[in-house]
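Q: Got a predicted structure plus its sequence, pasted below:
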Amino acid sequence: MEGKSRRRRRGCRPLVLSFAIGWALSPCVVRAQAGDGSGDPSRPAPVLDFGYYRADRVPSGRESHLVRVREWTNLVYFDWYADARAHDYEAGDAMRGALRNMDGMMRRAVAADMVMVMDVSWGLGWGPLLTRGEILQTAAPYWDHVKYVLLGDELQIEVDEANALLASFRTAMTRLGLPERPIGVTLTPKYVLENPPVLGADWDYIAIEAFTPDCRCEDCGQKGARREIDAVAELIRAQEAMIPPEIDLMMIMQGYDRNGFFADIDTLAALNRATYFEMVKGNPRYRAIAVFNWDRPGTECASRPHPQHGHGSRGFPKLQEVHREIWRDLTTKR
C-alpha cells in the first residue's frame, strides 16, 4: 500500500481542534504511520494483521474481550454504527453518547496494543447520524493505532458515489492534519461478481468474504469439509480475478455459525484453517484477516435454539484453536 503512486502521504500541520465531546488536541502529536500492534516488545509482530469484529461491545452491555483475544490477535474491528450503538441515539446532542462509547473502545484497543479497522458505516453512522468531523475528531487521539478505514460493511454502492465518498473522507483527514489511512469497503461475493465497475473506484483495498455460498436454516454449506473449502475457494478466486491487481485485499473469515444455520463446527473449523493456509498465505495482495466475528449471540433457526447455537468464535473453542494456530504461523520467524 505504501508504494501506490495515487496515494500521497501528507505531513501534519500545526492545528488545534475543539472537539464536540469537550476536549482539544493538536493532531501533530500523533505518529505519521499506524502501528502494527507490536508496541509491546514481548508481543510478536504478525506477517499480516489478524483479529475479530466485535471483541469489545461494552455499549451493548457486554464485557470487553480485548485483553483475552490479544493473546492471538493484533487487530480489532470497530463499527461506528453497530459497535458504538449509534442507532440507540437521536441525531444532535444525544449523539455524544455514541462518541463517548467509541472513544472508550478505541482507548481500550490502544491499551491492549491493538491496531484498528475503523468502519465509518456510510449510510448508517456517517451521514444520517454522525459527520466526518465528529468521527475523525473522536479517533484523532488514537490515530497511530487506526490502521485501516472502511466505508462500510457489505455496501451496495456505485462507482461514482464511491469515488465521491473516498475523496471527501480523504479531504477531511487532510484538513484535520491527520495522516491518510488506506480506505476500503467490504463487498459480498455476489456484489463483486455482478458489479465490476465499482471495483475500479479509487479503493486502497477491498475486503472479500470467505463465507459458505449456500446457507439456509435446514441446509447450510456443502456436505463435508473438502467440498465446503473448495466451494468457498472457487468464489475467492473468482473475486480476486475481478478486482484490479493494484487494489490490496482484506479477507473476512467466517468465524460464526451464520446465526445458527451452520451446525457442523468441525467443517467450519476446517474452513477457517483453509481460509488462511490455502487462500491467503503467500498471496502478497492480502494485508489483513478480519474474523466475523467474536461475539454474536442469537439464532434464526427454531430447530437450532440458543444457547447451543447462534455464536461467534467466542462460543466455539474449536474455532479459537484454529485462530491460535493461524497466529502462530503469522508470528513464526522464517
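A: On my side now, so go ahead.

Q: Break down this structure into its helices, ranges please.
A: 66-69, 96-111, 132-139, 159-175, 189-194, 225-242, 265-274, 317-330 (DSSP state H).

Q: For V47, which of the ones you listed is the nearest?
A: Nearest to V47, of all the helices of the chain, is helix 317-330, at 5.0 Å by CB to CB. Every residue, glycine included, has its C-beta placed from N, CA and C.

Q: related to what we said a few turns ago, could the helices of the chain be laid out in a markdown table, adding mean pLDDT, mean neighbour count and distance to P297?
A: As requested, the helices of the chain are arranged in a markdown table below (pLDDT from 0 to 100; neighbours: other CB atoms under 10 Å; distance: least, CB to CB, whole Å):
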| stretch | mean pLDDT | mean neighbour count | distance to P297 |
| --- | --- | --- | --- |
| helix 66-69 | 95 | 19 | 17 |
| helix 96-111 | 93 | 19 | 19 |
| helix 132-139 | 96 | 22 | 27 |
| helix 159-175 | 97 | 16 | 32 |
| helix 189-194 | 96 | 16 | 26 |
| helix 225-242 | 97 | 16 | 24 |
| helix 265-274 | 96 | 20 | 16 |
| helix 317-330 | 98 | 18 | 15 |
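
Q: closest one to W203 among the ones you listed?
A: helix 159-175 (7.2 Å).

Q: For the closest one, C-alpha coordinates in PDB please.
A: The C-alpha trace of helix 159-175 is given here as PDB (Å, rounded to 0.1, in the frame of the first residue of the first chain):
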ATOM      1  CA  VAL A 159     -18.500   3.700  -8.700                       C
ATOM      2  CA  ASP A 160     -19.300   7.500  -8.900                       C
ATOM      3  CA  GLU A 161     -20.700   7.600  -5.400                       C
ATOM      4  CA  ALA A 162     -17.800   5.600  -4.100                       C
ATOM      5  CA  ASN A 163     -15.200   7.900  -5.600                       C
ATOM      6  CA  ALA A 164     -17.000  11.000  -4.200                       C
ATOM      7  CA  LEU A 165     -17.100   9.500  -0.700                       C
ATOM      8  CA  LEU A 166     -13.500   8.400  -0.800                       C
ATOM      9  CA  ALA A 167     -12.400  11.800  -1.900                       C
ATOM     10  CA  SER A 168     -14.400  13.600   0.700                       C
ATOM     11  CA  PHE A 169     -13.100  11.400   3.500                       C
ATOM     12  CA  ARG A 170      -9.500  11.800   2.400                       C
ATOM     13  CA  THR A 171     -10.000  15.500   2.300                       C
ATOM     14  CA  ALA A 172     -11.400  15.500   5.800                       C
ATOM     15  CA  MET A 173      -8.400  13.600   7.100                       C
ATOM     16  CA  THR A 174      -6.100  16.100   5.400                       C
ATOM     17  CA  ARG A 175      -8.000  19.200   6.700                       C
END
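
Q: counting contacts, what elements does that helix pack onto?
A: Counting contacts by 3 or more CB pairs under 8 Å, 6 or more residues apart in numbering; DSSP states H and E, helix 159-175 packs against helix 132-139, strand 146-153, strand 183-187.

Q: Which of those sits closest to R227?
A: strand 183-187 (24.7 Å).

Q: what lines up beside the closest one in the sheet?
A: Sheet pairing for strand 183-187, assigned by DSSP bridges, gives strand 146-153 (parallel), strand 205-210 (parallel).

Q: What is the neighbour count of the closest residue in space to L268 that isn't next to it in sequence?
A: Leaving aside its chain neighbours, L268 sits nearest to F262 (5.7 Å; criterion: CB to CB, 6 or more residues apart in numbering). A count of nearby residues for F262, using other CB atoms under 10 Å, gives 22.

Q: The chain should start at 870 in everything you say after this.
A: Got it, the first residue is 870 from now on, which makes the last one we talked about F1131.

Q: now F1131: how far from H1192?
A: Distance of F1131 to H1192, computed by CB to CB, to the nearest Å: 17 Å.

Q: can you check H1178 too?
A: Applying CB to CB to H1178 and H1192 gives a distance of 20 Å.

Q: do Y1017 as well
A: Going from Y1017 to H1192 by CB to CB gives 19 Å.

Q: hmm, back to that, just put the helices of the chain in CSV and tack on distance to V989.
A: Listed next are the helices of the chain as CSV, based on distance: least, CB to CB, whole Å:
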stretch, distance to V989
helix 935-938, 21
helix 965-980, 11
helix 1001-1008, 6
helix 1028-1044, 7
helix 1058-1063, 19
helix 1094-1111, 23
helix 1134-1143, 27
helix 1186-1199, 26
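
Q: For the residue nearest to L1137, list the residues it contacts.
A: 1081, 1084, 1089-1090, 1123, 1125, 1137 (CB atoms under 8 Å, 6 or more residues apart in numbering).

Q: Which residues are in contact with the nearest residue to A1008 once chain neighbours are set aside?
A: Excluding the flanking residues, the one nearest A1008 by CB to CB, 6+ apart is V1015, at 5.6 Å. Contact analysis of V1015 by CB under 8 Å, 6+ apart lists 903, 975, 984-985, 987, 1008, 1050.
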